[in-house]
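Undergrad: Predicted model and sequence follow; I will ask about them next.
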Amino acid sequence: MKTLIKKSFIRIVYGILQCTTKQATIKSDSILIIAPHPDDEIIGTGGLIVKKLREGCKVNIVFLTDGECSGASSSLEETKQARISLSEKIAIKLGIPPGNLYRMHLPDAFVPKRGEPGFAEAVNKLAHLIDIINPSSIFATHFLDHWPFDHVACSQIATDAVIKLSKSNSELSGDSSVNEPYKKPELWLYWVWAWYFFRPWKFHKLNFKNLYRLDINGEIVQKRELMDIYLQPRSPEGKPWSGVLPEAMIFPFSKPIEIIERIEY
């Protein structure tokens, strides 16, 4: 009954967003997906990744954690290695070079949020990676993904890293010895758990001016296949390596749109 109610509400939210959001056009020739755990990049932006790869776009992925706390196995190391292996399998399937995958190895379930120990260090590390990768557009999980808290932390770390890097490079651009001015990357936040935990009273928090839908009709079949690579394999204890995800949580990701919000900074 609870699952049915959840699905019904998600259908309502889906219908509203499908009618009220603008169609996103991502013209970037290089994108960076920042994922709290191995699987978030496909669940939240799998259609985007497939679409951009078909356009010849360079795709890079940064995994904040290795996903060892999914609860799939009593051995955290076993879960960690399994989830890393699945993310590598996904990359091979998509044709993403191994060198385009980055791992920060932050503690799963304990990625630091603003004001917590380790947050500034995580921001600095991510800013360094962004500087190396130099993407045109960056995608991180949305701040409405209020659980797991790693998703909120991902939103905060990504936002602060982009702002920090922008300020630093803007100062360098003011140096007469620097030939080319710094071009800020676009920053987008994508939905994963926001669908499942969305509540009617949260509509006022949505910035419809910057909220977009990405139509993935041509990519949805491949996205579902990629999701199965993550969600179907099970540990020796019989649990999916990505953890036991609620049926209603997975439901919106079988639909041909992805929700992203552009952040102005």
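TA: Here it is on my side, so go on. Residues are numbered from 1 along each chain as shown.

Undergrad: which residues touch the spatially closest residue to Cys57 that is not a sequence neighbour?
TA: Counting by C-beta to C-beta, 6 or more residues apart in numbering, the nearest residue to Cys57 once its immediate chain neighbours are dropped is Asp29, at 5.6 Å. Using the backbone N, CA and C atoms, a C-beta is placed for each residue, glycine as well. Listed by C-beta atoms under 8 Å, 6 or more residues apart in numbering, the contact partners of Asp29 are Gly56, Cys57, Lys58, Ser136.

Undergrad: host element of Phe110?
TA: Counting by DSSP states H and E, no helix or strand carries Phe110.

Undergrad: picking that back up, could you list which of the contacts of Asp29 belong to helices?
TA: Assignment to helices by DSSP state H places none of the contacts of Asp29 there.

Undergrad: right, and the pair among those with maximum separation?
TA: Using C-beta to C-beta, the two most remote members of the contacts of Asp29 are Gly56 and Ser136, lying 13.0 Å apart.

Undergrad: Counting neighbours, go ahead and name the busier of these two.
TA: With neighbours defined as other C-beta atoms under 10 Å, Gly56 and Ser136 compare such that Ser136 has more, 17 against 7.

Undergrad: so what's the more buried one closest to, chain neighbours aside?
TA: Ser136 sits nearest to Ser28 (C-beta to C-beta, 6+ apart), 3.4 Å away.

Undergrad: Next SSE downstream of the helix or strand containing Ile229?
TA: Ile229 belongs to helix 220-231 when assigned by DSSP H and E. Going down the chain from helix 220-231, the next helix or strand is helix 247-250, by DSSP H and E.

Undergrad: Give me the contact list for the helix or strand following that next one.
TA: Beyond helix 247-250 in the direction of the C-terminus, DSSP H and E gives the next helix or strand as strand 257-263. Here strand 257-263 makes contact (C-beta under 8 Å, 6+ apart) with 14, 17-18, 21, 24, 44-48, 139, 142, 159, 186-191, 194-195, 206-207, 210-216.
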